[in-house]
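Asks: sequence and computational prediction follow.
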Amino acid sequence: MKAFIQVIAYLVMALSAAGVVLCLGLYFLGPAGIHPLQARETPVLFGGVFVVWFPTVILMNRLTQDFKQKDLWKAALRGCPPWMRVALWVVIGCVFAAFFLPMLSKRNPGDAPQTFVLFPIIFYAVSFCVMYSLVNVEEHDSSRRCLNGHPISPLAKFCEECGAPAAPDSKVSLQI
Ligand SMILES: [Zn+2]
C-alpha cells in the first residue's frame, strides 16, 4: 500500500510539474506570437487540474487527519522544506497579482485571455508540494526534536517534556 501511494505521489508530481510548465509556456509564448493560445488547449490544462487534484485531496487526508482544521495547510505541507513552502506562496501570489493587477488599472482581464492559463498553476503547484510532503513526511515526523533532543510531535513548537523550543533544522537530531 505504501509503495502504491508513493507511485501515485510521484505520478501526480510529474503531471503537476508538466502542468505548470505548460501553463507558463502558453502564457509567455501566446503574446509573443510564437504559439497563440488555442481554444482547445485550455480545457486540457483545466482537465489536468482535476486529474491531479483528485488524488491530492484523497492523499492529503493522510497528512491532515490528526490535525485541526486551522492547521490544515501547515500539516499538509510539513514534509516540504521551508524554501518550497515559501516558493509555493510566492507562486500563488504572483498568479493572483498577474490576474488582478491589470484589473486595478481598469483593464478588462478579457483583453489578455492568456492570463486565465495561469490559474491552473495554483492547483498544480499545491498538488506538487502536497505530494512532495507526503513522500517525505515520515522522515520529517520521526526526526523532529526539541533543542534538548527529545522527540516532539509534528507541529509542536515546544517540547512537551522540557519546554525547550523545537530545533530549527530537523537534521539536528542526527548529531545527537
Ligand atoms: Zn525537550
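Replies: Received, thanks.

Asks: list the contacts of Ser127.
Replies: For Ser127, the contact set (CB atoms under 8 Å, 6 or more residues apart in numbering) comprises 12-13, 15-16, 52-53, 56. The way it works is simple: take the backbone N, C-alpha and C, and place the C-beta from them, glycine included.

Asks: which SS class is it?
Replies: In three-state terms, and counting by DSSP: H, G, I helix; E, B strand; the rest coil, Ser127 is helix.

Asks: that one and Leu88, how far apart?
Replies: 11 Å (CB to CB, to the nearest Å).

Asks: how distant is the longest helix seen in the chain from the center of its chain?
Replies: In the chain, assigned by DSSP state H, the helix with the most residues is helix 2-32. Averaging C-alpha positions (CA atoms, centre = their mean, to the nearest Å) puts helix 2-32 12 Å from its chain's average.

Asks: counting contacts, what elements does it pack onto?
Replies: Under the contact definition 3 or more CB pairs under 8 Å, 6 or more residues apart in numbering; DSSP states H and E, helix 2-32 sits against helix 41-64, helix 119-143.

Asks: which of those has the lowest mean pLDDT?
Replies: Ranked by mean pLDDT, these bottom out at helix 41-64, with a mean of 89.

Asks: show me where pLDDT drops low in the chain?
Replies: Scanning the chain for pLDDT under 70 picks out the ranges 31-40, 106-114, 169-176.

Asks: tell me the residues of it that contact the ion?
Replies: Counting by CB under 5 Å from the ion, the chain comes close to the ion at 146, 148, 150, 159, 161-162, 164.

Asks: in PyMOL, how would I select just the buried ones from those residues?
Replies: Buried subset of the residues of the chain next to the ion, written as a PyMOL selection, criterion 16 or more other CB atoms under 10 Å:
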select buried, resi 146+150+159
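
Asks: who's in contact with Ile8?
Replies: Counting by CB under 8 Å, 6+ apart, the residues that Ile8 touches are 55, 59.

Asks: distance of it relative to Leu101?
Replies: In this view, Ile8 and Leu101 are 37 Å apart by CB to CB.

Asks: repeat that for Asn61.
Replies: Plainly put, Asn61 is 35 Å away from Leu101 if you go by CB to CB.

Asks: equivalent analysis for Val7, please.
Replies: Note on Val7: its distance to Leu101, by CB to CB, is 40 Å.
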